[in-house]
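Engineer: Got a predicted structure here, sequence first:
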Amino acid sequence: DSGVTQTPKHLITATGQRVTLRCSPRSGDLSVYWYQQSLDQGLQFLIQYYNGEERAKGNILERFSAQQFPDLHSELNLSSLELGDSALYFCASSPIGGQSGELFFGEGSRLTVL
Amino acid sequence: GIQVEQSPPDLILQEGANSTLRCNFSDSVNNLQWFHQNPWGQLINLFYIPSGTKQNGRLSATTVATERYSLLYISSSQTTDSGVYFCAVCLGTSGSRLTFGEGTQLTVNP
């Protein structure tokens, strides 16, 4: 158990819908990262938050947004869903933000868009 | 951006065999991690190893940062070792986010 909690574990929805994925980092970790794993793109970095502020942005679509709340949990919002958004979405956390540190991953949220 | 190449892409072993997985990266890094993704999709931390050698049971890893590669050794493999092994690196200039390789798919047969 990494200590990173993600909900829901599985989600099935239809095209055009909106979903919210939730992540609770390990106790004491200030940084949260979101990754997408799809069959054709591998593991792709989406976005990082550190202590409530956006720290880095990767290949995140404009239809996707995220935030980190004062209690440090984070949510990834996916809207106007398309078939290609079907993927495993991982959250990871680390104690620090701008420098190297070990990342720990949650079990992922598997999204299926029909 | 940084390139991370893993080899071999696929590996099939008999239970009890040893194996070496390789990760080459194209730039200096300040973090390197090895993960095992099990058949249920969970990403399990194996090693945090930006340099040097570490061992954990039947697994060990070595990173030679100056030559930009890392090796993961699996000895006396078991069927539960099956899954995908990922190497991921972090550039100092990219904060602490990890860039993943494409992985090595390991199958251990009984």
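Structural biologist: Perfect, thanks for sending it.

Engineer: Run a quick neighbour tally on residue 4.
Structural biologist: Looking at chain A here, since you left the chain open. 23 (other C-beta atoms under 10 Å in any protein chain shown). In short, each C-beta sits where N, CA and C put it, glycine included.

Engineer: The intended chain is chain B.
Structural biologist: Under the neighbour criterion other C-beta under 10 Å, B:Val4 is assigned a count of 23.

Engineer: got it, and the one 3 residues further on?
Structural biologist: By the measure other C-beta under 10 Å, the count of residues near B:Ser7 is 14.

Engineer: In contact with it, which residues are there?
Structural biologist: The neighbours of B:Ser7, taking C-beta atoms under 8 Å, 6 or more residues apart in numbering or on different chains as the test, are B:Leu21, B:Arg22, B:Asn24, B:Thr104.

Engineer: Out of these, which end up buried?
Structural biologist: The neighbour-count test (16 or more other C-beta atoms under 10 Å in any protein chain shown) marks B:Leu21, B:Thr104 as buried among those.

Engineer: Name the secondary structure element that contains the residue lying closest to B:Asp10 once chain neighbours are set aside.
Structural biologist: In space, not counting the residues next to it along the chain, B:Asp10 is nearest to B:Gln105; the distance is 4.8 Å by C-beta to C-beta, 6 or more residues apart in numbering or on different chains. Using DSSP states H and E, the secondary-structure element containing B:Gln105 is strand B:104-109.

Engineer: Provide the strand pairings for that strand, with the direction of each partner.
Structural biologist: In the sheet containing strand B:104-109, its partner strands are strand B:10-14 (parallel), strand B:83-90 (antiparallel), by DSSP bridges.

Engineer: Just the CA atoms of that strand, as PDB, please.
Structural biologist: Taking only C-alpha atoms (Å, rounded to 0.1, in the frame of the first residue of the first chain), the coordinates of strand B:104-109 have been written out as PDB:
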ATOM      1  CA  THR B 104       9.600  -4.200 -20.400                       C
ATOM      2  CA  GLN B 105       6.800  -6.800 -20.500                       C
ATOM      3  CA  LEU B 106       8.000  -9.800 -18.400                       C
ATOM      4  CA  THR B 107       6.300 -13.100 -18.500                       C
ATOM      5  CA  VAL B 108       7.400 -15.800 -16.100                       C
ATOM      6  CA  ASN B 109       6.100 -19.300 -16.900                       C
END
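
Engineer: show me where chain B has strands.
Structural biologist: Using DSSP state E, the strands assigned to chain B run over residues B:4-7, B:10-14, B:19-25, B:31-37, B:43-48, B:52-56, B:59-64, B:69-74, B:83-90, B:99-100, B:104-109.

Engineer: highest average neighbour count across these?
Structural biologist: Sort the strands of chain B by mean neighbour count, taking mean count of other C-beta atoms under 10 Å in any protein chain shown, and strand B:83-90 sits at the top with a mean of 25.

Engineer: In chain A, where is pLDDT below threshold?
Structural biologist: Under the criterion of pLDDT under 70, the regions of chain A flagged as low confidence span A:96-100.

Engineer: Near chain B, which residues of it are found?
Structural biologist: Proximity of chain A to chain B is assessed by C-beta under 8 Å from any C-beta of the partner chain, with A:2, A:31, A:33, A:42-43, A:45, A:48, A:55-56, A:58, A:88, A:90, A:92, A:94, A:96-105, A:107-108, A:110 identified as the residues in range.
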